[in-house]
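**Q** sequence-free structure coming up:
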């Protein structure tokens with residue numbers, strides 16, 4: 001599919017002026033009625049005042065005739081983009097067959113095909129000993145089910161989660177998420193480079209995070225009893241597009257396995273090829289005990305499941321149920337999506353194209369200091385906006401490794417006996433000094449992107465990360481158009497805030 005040059009607000013070829021005027025009027029009326037009638041809790045609609053009426057692949061057309069390149073993809077739901085032919089064909093086949101669309105949890109040929117395809121993709125070591133639980137239609141429902149499962153299987157109640165996590169909007173999922181207000185979950189540091197909680201980043205920061213986790217679990221006075229499970233995201237999406245280091249993931253697997261703590265991998269957003277592997281846990285080679293899956297596995301329609309080791313299957317009949325856990329259309333669409341991703345090796349495509357896009361965005365960051373960091377994995381990319389001329393967050397706070405020569409060995413901070421062995425003692429760590437996050441600049445970039453016909457999302461701790469989640473089917477030409485529009489938006493924002501290409505204030 002070719003990228004068109006039609007600008008937002010410009011009607012696509014063909015319609016007369018009167019028809020274009022009618023389209024704009026309909027667009028404005030629908031948005032006005034939405035504002036008057038829908039909940040104040042709506043989110044995407046506030047930053048993206050568009051009225052989609054047609055879509056295909058990466059492209060959305062609005063009621064006013066504007067066209068956009070969609071790098072939100074239903075918050076990662078649309079692995080194949082909008083209305084992919086194999087998805088539409090799978091849905092039509094079920095509709096035309098006369099099969100029931102609502103079947104509770106009864107067995108059907110459609111469900112059997114879905115489970116067969118799903119199990120074909122699972123990490124080694126899980127598929128041969130797995131059970132699957134169909135939940136309510138959203139990822140948060142699967143998270144709740146996973147919590148109930150591990151609590152029933154272990155007889156314990158507590159949970160371990162990580163700073164910056166996002167697992168959904170129901171009460172239990174929110175408790176495990178980073179913005180919870182009433183926390184009954186033990187929170188652990190999630191490793192990251194740019195804003196490392198220990199100020200060092202890299203392998204040293206990840207090692208310190210792992211040692212903290214081990215200490216919390218083994219210290220009888222930590223206040224954290226042995227939990228029912230640990231839940232983590234292999235890449236934190238809403239937390240700011242933070243890929244977990246592979247060695248840290250392996251450490252979490254070893255720590256939990258040694259203490260009989262079920263490890264829950266939340267693959268709601270990272271699954272089905274998004275990160276350059278079919279499931280993001282595959283990058284580290286670990287096999288979790290439980291996987292929480294949604295978004296792309298429904299092929300654009302609502303579907304959520306929990307896959308787990310069969311020895312955890314201690315539920316009594318009806319211990320977890322839901323009226324809409326048998327969505328036949330979503331299962332058919334999901335089967336077609338997973339099969340297409342697998343057959344066309346879209347995971348490798350995501351890895352290759354994602355690496356290329358990250359390289360180009362890092363070049364952009366060197367040109368515009370309003371970009372503090374570029375990070376991601378596969379086609380899950382984040383660009384963090386910062387105050388270009390602001391003081392670093394650690395300047396003048398009275399501590400820093402710079403006072404002792406700018407580096408320190410791992411042994412100096414965590415002592416002997418770490419998983420890295422003797423070699424770990426010489427790993428250098430340098431205090432990082434990130435500039436303050438700028439949600440204002442991020443929001444401005446999002447607005448400028450929309451003006452240029454590019455849909456992006458914001459995330460991160462301070463809503464300062466511009467996020468790209470294009471479909472796995474994005475072409476090289478489209479990727480170039482996306483990056484060109486984003487670069488143009490960043491340049492416009494920098495100019496608008498009186499910043500030159502060198503990040504200095506212009507007078």
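**A** Nice, I can see it. Model, not experiment: these values are computed from the prediction.

**Q** Look at residue 105 and tell me its secondary structure.
**A** Secondary structure for residue 105, judged by DSSP: H, G, I helix; E, B strand; the rest coil, is coil.

**Q** correct me, but it touches residue 325?
**A** Yes - the pair residue 105 and residue 325 qualifies as a contact (CB atoms under 8 Å) at a distance of 5.8 Å. C-beta coordinates here come from the backbone N, C-alpha and C atoms, glycine included.

**Q** excluding its backbone neighbours, what's nearest the spatially most central residue of the chain?
**A** Among the residues of the chain, the one closest to the centroid is residue 237, at 3.0 Å (CA atoms, centre = their mean). Nearest non-adjacent residue to residue 237, counting by CB to CB, 6 or more residues apart in numbering: residue 269, 4.5 Å away.

**Q** Can you get me a residue count around that neighbour?
**A** Applying the criterion other CB atoms under 10 Å, we find 25 residues in the vicinity of residue 269.

**Q** Check residue 39 too.
**A** Applying other CB under 10 Å, we find 5 other residues in the vicinity of residue 39.

**Q** can you confirm residue 376 is in a strand?
**A** Yes - going by three-state DSSP, the assignment for residue 376 places it inside a strand.

**Q** show me what contacts the closest residue to it other than its chain neighbours?
**A** Across the structure, with CB to CB, 6+ apart as the measure, the residue nearest residue 376 apart from its sequence neighbours is residue 241 (5.1 Å). Neighbour list for residue 241: 235, 375-376, 380-382, 459-460, 465, 467 [criterion: CB atoms under 8 Å, 6 or more residues apart in numbering].

**Q** mind listing which of the residues you listed are in strands?
**A** 235, 375-376, 380-382, 459, 465, 467 (DSSP state E).

**Q** Quick one: residues contacting residue 193.
**A** For residue 193, the contacting residues are 201-202, 205, 373, 375, 432, by CB under 8 Å, 6+ apart.

**Q** Nearest to residue 444 among these?
**A** Comparing the contacts of residue 193 against residue 444 with CB to CB places residue 373 closest, at 17.7 Å.

**Q** does that closest one have beta-bridge partners, and which?
**A** Residue 373 has these beta-bridge partners by DSSP bridges: residue 384.

**Q** can you check residue 60 too?
**A** Listed beta-bridge partners, residue 60: residue 55, residue 68 (assigned using DSSP bridges).

**Q** thought it was touching residue 78?
**A** No - counting by CB under 8 Å, no contact exists between residue 60 and residue 78, whose distance comes to 10.7 Å.

**Q** higher neighbour count, the two?
**A** Neighbour totals were compared for residue 60 and residue 78, and residue 78 leads with 27 against 23 (other CB under 10 Å).

**Q** quick one: which helix or strand includes the more buried one?
**A** Here residue 78 is covered by no helix or strand, with elements defined by DSSP states H and E.

**Q** tell me the contacts of it?
**A** 70, 296, 300, 471.

**Q** Any chance of the backbone angles for it?
**A** The phi and psi torsions at residue 78 (degrees, to the nearest 10) take the values phi -90, psi 80.

**Q** cool, and residue 58?
**A** Per-residue torsions, residue 58: phi -90, psi -10 (degrees, to the nearest 10).

**Q** Can you pull the poorly scored residue ranges out of the stretch 201-350 of the chain?
**A** Low-confidence regions of the stretch 201-350 of the chain, defined here as pLDDT under 70, do not occur.

**Q** residue ranges for the helices of it, please.
**A** Defined through DSSP state H, counting those that start in this stretch, the helices belonging to the stretch 201-350 of the chain, from first to last, are 202-218, 246-258, 328-343, 346-367.

**Q** Determine which stretch of the ones you listed is the most buried.
**A** Per-residue neighbour counts averaged over each of the helices of the stretch 201-350 of the chain give the maximum for helix 328-343, namely a mean of 23 (mean count of other CB atoms under 10 Å).

**Q** So residue 105 and residue 325 - more neighbours on which side?
**A** Set residue 105 next to residue 325 and count neighbours by other CB under 10 Å: residue 325 wins out with 20 against 13.

**Q** so that one makes contact with residue 138?
**A** No - the pair residue 325 and residue 138 fails to qualify as a contact (CB under 8 Å) at a distance of 11.2 Å.

**Q** Which of the ones in strands among the contacts of residue 241 scores worst on pLDDT?
**A** Taking pLDDT as the measure, these have their low point at residue 459 (94).

**Q** re the thing from before, just the buried residues of the contacts of residue 78.
**A** Those of these that meet the buried threshold are 70, 296, 300, 471, by 16 or more other CB atoms under 10 Å.

**Q** In strands, which of the residues you listed fall?
**A** Among these, the subset assigned to strands under DSSP E consists of residue 70.

**Q** In TSV, list the buried ones among the contacts of residue 78 along with distance to residue 99.
**A** Below are the buried ones among the contacts of residue 78 laid out as TSV (distance: CB to CB, whole Å):
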residue	distance to residue 99
70	31
296	23
300	19
471	28
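
**Q** Out of the buried ones among the contacts of residue 78, which two sit at the greatest distance?
**A** The two members of the buried ones among the contacts of residue 78 with the most space between them (CB to CB) are 70 and 296, at 14.7 Å.

**Q** what's stretch 225-232 in contact with?
**A** The contact list for stretch 225-232, computed with CB under 8 Å, 6+ apart, reads 143, 146-147, 150-151, 153-154, 156-162, 165, 167, 176, 186, 190, 217, 244, 249, 252, 256, 259, 261-266, 289-290, 292.
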